[in-house]
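J.: this one's sequence-less:
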């Protein structure tokens, strides 16, 4: 097993992480909006529907589960927001583009080093 670090793979993982961070943030932000709308639906059902005790208990259980999942999304959103905000700026986009260019250059160098051969300049035979 070759223990040397392959720089292009490491940089590719960083780029993948940055792209995924933005996707994770956006997906959780959208999911948070859905949980908020469900909370509103549950609250209006409690307020406007003439529910009996059993129906209110079932609704409260659904609301609790909704709030637990909402909290998970909200926590993830708060964690990823600073990075997502940075990556959404003009500078963040430029940084990602520059990293992609660097990755291409590194891969080119790595490829040239893979098949490197030395040709003698002077034949001492």
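T.: Happy to help now that I have it. Keep in mind it's a predicted model, so treat the numbers as computed, not measured. Numbers count the residues shown, from 1 in each chain.
J.: would you map the helices across the protein?
T.: 7-48, 53-88, 90-114 (DSSP state H).
J.: what angle separates the last one from helix 7-48?
T.: In this structure, helix 90-114 runs at an angle of 140 degrees to helix 7-48, with axes from the mean of the first three to the mean of the last three C-alpha atoms, to 10 degrees as the basis.
J.: quick one: low-confidence ranges for this structure?
T.: Along the chain, the model assigns pLDDT under 70 to residues 1-3, 125.
J.: switch to 50 and redo it
T.: Across the chain, residues meeting the criterion (pLDDT under 50) sit at 1.
J.: geometric centre of it: which residue is closest?
T.: When C-alpha atoms, centre = their mean is applied to the chain, the residue found nearest the centroid is residue 21 (2.3 Å).
J.: distance to residue 124 for the helices of the chain - can I get that in TSV?
T.: Just so you know, the C-beta spots here come from the backbone N, C-alpha and C atoms, and that holds for glycine as well. Shown next, in TSV, are those (distance: least, C-beta to C-beta, whole Å):
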stretch	distance to residue 124
helix 7-48	36
helix 53-88	57
helix 90-114	26
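J.: can you list the buried residues in stretch 34-44?
T.: By neighbour count on 16 or more other C-beta atoms under 10 Å, the buried set for stretch 34-44 is 35, 38, 42.
J.: no, scratch that, I was asking about stretch 56-68
T.: Residues 59, 63, 66 are the ones in stretch 56-68 that count as buried (16+ other C-beta under 10 Å).
J.: between those, which is closest to residue 122?
T.: Within those, the smallest distance to residue 122 is 79.1 Å, found for residue 66 (C-beta to C-beta).
J.: please name the nearest non-neighbouring residue to that closest one.
T.: Among residues not flanking residue 66 along the chain, residue 38 sits closest, at 5.0 Å (C-beta to C-beta, 6 or more residues apart in numbering).
J.: for stretch 106-114, buried residues please.
T.: Neighbour counts over stretch 106-114 (16+ other C-beta under 10 Å) mark 106, 107 as buried.
J.: try stretch 79-87
T.: For stretch 79-87, using 16+ other C-beta under 10 Å, the buried residues are 80, 83, 84, 87.
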